[in-house]
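Visitor: sequence first, then the predicted structure, then my questions.
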Amino acid sequence: MDGRDRMIEPALQERLKASYGALFSAVEAGLSAPHCVTLRANTLKASADEVADALSAAGIGYERVSWYEDAFRLPCATEDAVRALPLYEAGKVYLQSLSSMLPPLVLQPQAGENILDMTAAPGGKTTQLLALSKGKALITACERDNVRFERLRFNLERQGAARVNALHRDALTLDDALRFDKILLDAPCTGAGTVGARVTQGYLEKCVRAQKKLIHKALRLLKKGGTLVYSTCSIFPEENGGVVEEAVKCGAKIVPVEAFDVPRLPSPSGTLTVMPTCDHEGFFVAKLTK
């Protein structure tokens with residue numbers, strides 16, 4: 001359990017009050033709660049059962065997650081304890097929040113599909129996409145920032161995902177003639193589903209402008225009948241439903257997100273907004289097609 005002190009910035013408090021009204025107290029409690037360590041078995045290198053055995057052998061208690069067989073909740077462990085394990089060093093597990101595991105599950109990557117991860121670093125979702133396809137999807141992962149790109153490459157190598165085509169470039173510069181079967185746009189955002197967010201009106205507006213540019217680009221690159229998953233680690237409606245509405249105006253159609261057993265906040269029909277709790281970051285996921 002991560003027991004660090006979690007203080008919410010006053011500006012974030014006020015905006016969340018405006019967005020969620022009577023639910024604000026529950027949202028604030030979830031953001032402020034010490035967060036439980038969670039991880040994902042990297043099935044490119046080890047099965048979930050192998051990971052379970054290794055955790056038990058190390059004396060680390062765990063709980064399996066009902067909606068994802070490769071996910072683990074470690075109620076009494078620290079991230080440092082996990083990093084000290086040989087299976088972590090070998091890339092057999094990936095420390096990842098439960099909420100951030102949802103977008104790849106919603107995208108449902110399959111063998112042989114041509115998939116784009118538009119803003120890929122640090123690579124948790126990228127490697128999860130490849131693992132879910134049993135290592136057989138054709139994945140292109142873009143990252144424009146120098147430092148974050150190096151982190152992406154490091155994680156791809158450690159996780160055994162060398163076949164991913166990692167591009168050090170802004171996805172907005174990709175040729176519009178390209179076409180992908182599926183696209184994951186885990187968009188840069190304010191991070192308002194996490195306690196560390198520091199939000200100003202100017203920064204929120206900047207994020208929304210970037211998100212709308214990216215989703216327009218994603219729709220240009222998506223094959224007719226293809227699937228786009230849009231996600232953020234924000235619970236601000238402007239970054240979530242507002243951006244999805246922009247995509248719908250351009251002809252995209254919302255595909256209802258399947259029911260996951262996660263705590264929820266009010267969300268536009270067919271989409272999912274995860275309530276922040278000790279086990280979950282606040283998160284948004286929408287599935288679109290064109």
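Guide: It's in.

Visitor: how's the chain carved up into domains?
Guide: 37-95, 99-289 (automatic domain parsing).

Visitor: let me see the mean pLDDT of the last one.
Guide: This means domain 99-289. Here domain 99-289 scores 96 as its mean pLDDT.

Visitor: how long is that domain from one end to the other?
Guide: This stretch, domain 99-289, spans 22 Å end to end (CA to CA, to the nearest Å).

Visitor: for the strand ranked longest in the chain, packing partners?
Guide: Longest strand in the chain, counting residues (DSSP state E): strand 222-232. For strand 222-232, the elements it packs on are helix 102-107, strand 180-186, helix 201-221, helix 241-249, strand 283-289, judged by 3 or more CB pairs under 8 Å, 6 or more residues apart in numbering; DSSP states H and E. Any C-beta I mention is one placed from the backbone N, CA and C, and that applies to glycine too.

Visitor: mind putting the domains of the chain in JSON lines, distance to R15 included?
Guide: Formatted as JSON lines, the domains of the chain follow (distance: least, CB to CB, whole Å):
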{"stretch": "domain 37-95", "distance to R15": "27"}
{"stretch": "domain 99-289", "distance to R15": "6"}
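
Visitor: S66 and A218, how far apart?
Guide: Per CB to CB, to the nearest Å, S66 is found 31 Å from A218.

Visitor: all the strands of the stretch 51-200 of the chain, in order from the start?
Guide: Counting by DSSP state E, counting those that start in this stretch, the stretch 51-200 of the chain has strands at residues 63-65, 68-74, 93-95, 114-117, 138-142, 165-167, 180-186.

Visitor: a markdown table please, covering those strands and showing distance to A54.
Guide: Below are those laid out as a markdown table (distance: least, CB to CB, whole Å):
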| stretch | distance to A54 |
| --- | --- |
| strand 63-65 | 14 |
| strand 68-74 | 11 |
| strand 93-95 | 8 |
| strand 114-117 | 28 |
| strand 138-142 | 27 |
| strand 165-167 | 28 |
| strand 180-186 | 29 |
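
Visitor: closest one to S269 among those strands?
Guide: Taking CB to CB, strand 180-186 is the member of the strands of the stretch 51-200 of the chain nearest to S269, at 19.9 Å.

Visitor: now the closest one against helix 201-221, angle please.
Guide: Between the axes of strand 180-186 and helix 201-221, defined by axes from the mean of the first three to the mean of the last three CA atoms, to 10 degrees, the angle is 170 degrees.

Visitor: so how far is stretch 32-47 off the chain centroid?
Guide: 13 Å (CA atoms, centre = their mean, to the nearest Å).

Visitor: buried sites along it?
Guide: Buried residues in stretch 32-47, counted by 16 or more other CB atoms under 10 Å: 33, 35-46.

Visitor: ends of that stretch, how far apart?
Guide: 33 Å.

Visitor: what pLDDT is listed against S32?
Guide: With respect to pLDDT, S32 has a value of 89.

Visitor: please report how far it lies from L95.
Guide: For S32, the distance to L95 equals 21 Å [CB to CB].

Visitor: try T190
Guide: Distance, T190 to L95, by CB to CB: 23 Å.

Visitor: of the two, give the one with the bigger neighbour count.
Guide: T190 (24 against 14; other CB atoms under 10 Å).

Visitor: what residues are up against that one?
Guide: Neighbour list for T190: A197, V199, Y203, L204, C207, S234, F236, E239 [criterion: CB atoms under 8 Å, 6 or more residues apart in numbering].

Visitor: and with 10 Å instead?
Guide: T190 makes contacts with 12, 15, 197-200, 203-204, 206-208, 232-236, 238-239, as judged by CB atoms under 10 Å, 6 or more residues apart in numbering.

Visitor: ok so, going back, which parts of the longest strand of the chain are buried?
Guide: By neighbour count with 16+ other CB under 10 Å, strand 222-232 contains the buried residues L222, G226, T227, L228, V229, Y230, S231, T232.

Visitor: cheers, nothing more for now.
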